[in-house]
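Peer 1: predicted structure and sequence below. I'll ask about it afterward.
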Amino acid sequence: MPTAIEFNNISKIYRLGLVSTGTLAHDLKRWWTMNIRGQEDPYLTIGETNDRSTKGESEYVWALKDIDFKVEQGDVVGIIGKNGAGKSTLLKILSKVTAPTTGTIRARGRIGSLLEVGTGFHPEMTGRENIYMNGAILGMTKAEITKKLDEIVDFSGCERYIDTPVKRYSSGMMVRLGFAVAAHLDPEILVVDEVLAVGDAEFQKKAIGKMQDVSRGEGRTVLFVSHNMAAVRNLCHHGVLLENGRIKKAGEIYDVVDYYLNSDENKEINVFKPQKAIRNSDNPNIIIQNLEVISSTIQTGKPLSFELTISNTSVPIDCEIAVAIKKNEYSITQFFSKDMGVDITLESGENRIIVNVPECPITEGDYSLNIWVGSNNRPLDWIQDCFRLHVNPGELIPSHTIENRGYPITVKSNWNVNKR
């Protein structure tokens, strides 16, 4: 396949807080060095890595540094990474919103971009007028736009408001219309940033389907930035992982996404610290010692496993154990041995309990865990907020997805108890 986009040593440097170098002397030095002597910007040498979590020594940061890769025609490439990794900057350079500090981009064909909500829209103009304006910017004639107008309006789902100024549109309606224009005016390269997350589930599904049709059926190229790993996996063929403005990994999309989700920065701290948790104990002989998440990656719809260690300094005791997942101070789901018909006896000494959940039923987000050990509905040891759990989006859809309803719902789980 011919190459559609070629990034050659692309770098972009910014000065924090200011547009210019900050002083007339610095501006003159930059102008003299670059325009008279024909040398590179003298301030590039003091630029630092773009790590938003640390305080640097220099006022200059590299938003992108030495980006070098090719995209073949008809390919769908997912650009992923943390917030601030340089994804949007890369697309803005490709769309000529901003220029690279060093390097060149060669793109073959017209580029249709949707970089943020309302990109290219004039708020005082109606939706219909903005369609014609965007089409003209992309090089379409009025006749060509008119021919596709009904299709664009129908896809956007904004027909009732098409003659209303877009300043009165919701953010979701703006995205709908903007994507409809970008996708239907036949760009050879379609660039889509995270904006689809603003749309509802119906529109996201429709938009992803359209991007698949554009790439597979029409042989056009798509660059897609998203934090939704399920959408990236389903849509893209190849992926590029950016970290602090540099390419960390590139290749097949499944390899890149798995590397990203399993990298050290995205793994959870597996063992809780009892002294930092809120503890309520009615029996000093029964002590919850630790909890460990066995699963390397926690994703919606994928299996999830916990390992509990509970010590008993007295005689064996029959008990029930519950692990509850909390969101915003409410327990939304729990794994309860009693509801699964499992009899648990804590022997003297340390006991290891493995809890296997066939499919993680909660959606992407951050959660905390409560652990409860009791006997005859009486708590023996109970720890609140003992563990922070981050759930990544998964490509698998569980048989039922649980969201915050204000009360816990018991989910199927398998229990295995071993004496250490």
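Peer 2: Received, thanks.

Peer 1: list the contacts for Leu90?
Peer 2: The contact partners of Leu90, by C-beta atoms under 8 Å, 6 or more residues apart in numbering, come to Phe7, Ile10, Leu64, Ile67, Ile79, Leu242. C-beta coordinates here come from the backbone N, C-alpha and C atoms, glycine included.

Peer 1: again, only this time at 10 Å
Peer 2: With contact set as C-beta atoms under 10 Å, 6 or more residues apart in numbering, Leu90 has these partners: 7, 10, 12, 63-64, 67, 79, 81, 100, 105, 191, 223, 225, 240, 242, 245, 247.

Peer 1: now, the residues you listed that are in helices?
Peer 2: Nothing among those maps onto helices, per DSSP state H.

Peer 1: now, those residues that are in strands?
Peer 2: Among these, the members found in strands (DSSP state E) are 7, 10, 12, 63-64, 67, 79, 105, 191, 223, 225, 240, 242, 247.

Peer 1: Thr345: which of those residues is nearest?
Peer 2: Thr345 lies nearest to Leu242 out of these, by C-beta to C-beta, at 51.7 Å.

Peer 1: so that closest one versus Pro2, what's the distance?
Peer 2: According to C-beta to C-beta, to the nearest Å, Leu242 and Pro2 sit 25 Å apart.

Peer 1: try Val293
Peer 2: 46 Å.

Peer 1: those two - which one has more neighbours?
Peer 2: Val293 (20 against 7; other C-beta atoms under 10 Å).

Peer 1: beta partners of that one?
Peer 2: Phe306 (DSSP bridges).

Peer 1: right, and it touches Pro303 too?
Peer 2: No: applying C-beta atoms under 10 Å as the test, Val293 and Pro303 come out as separate, 11.6 Å apart.

Peer 1: residue contacts, Asn418?
Peer 2: Glu307, Glu347, Glu350, Asn351, Arg352, Ile353, Ile354 are the contacts of Asn418 under C-beta under 10 Å, 6+ apart.

Peer 1: show me what it is bridged to.
Peer 2: The partner residues for Asn418, given DSSP bridges, come to Arg352.

Peer 1: repeat for Ser375
Peer 2: Arg378.

Peer 1: tell me the contacts of it?
Peer 2: Asp282, Asn283, Ile286, Ile317, Asp318, Cys319, Glu320, Ile344, Leu346.

Peer 1: what subset of these is buried?
Peer 2: Buried members of the contacts of Ser375, counted by 16 or more other C-beta atoms under 10 Å: Asn283, Ile286, Ile317, Cys319, Glu320, Ile344, Leu346.

Peer 1: which of the residues you listed sits closest to Pro361?
Peer 2: When those are compared against Pro361 (criterion: C-beta to C-beta), the nearest one is Glu320, at 20.6 Å.

Peer 1: count of residues packed around the nearest residue to the closest one once chain neighbours are set aside?
Peer 2: Leaving aside its sequence neighbours, Glu320 sits nearest to Lys338 (C-beta to C-beta, 6 or more residues apart in numbering; 4.2 Å). Neighbour count for Lys338, taken as other C-beta under 10 Å: 15.

Peer 1: just Ala231 next, same as before
Peer 2: Neighbours around Ala231, by other C-beta under 10 Å: 21.
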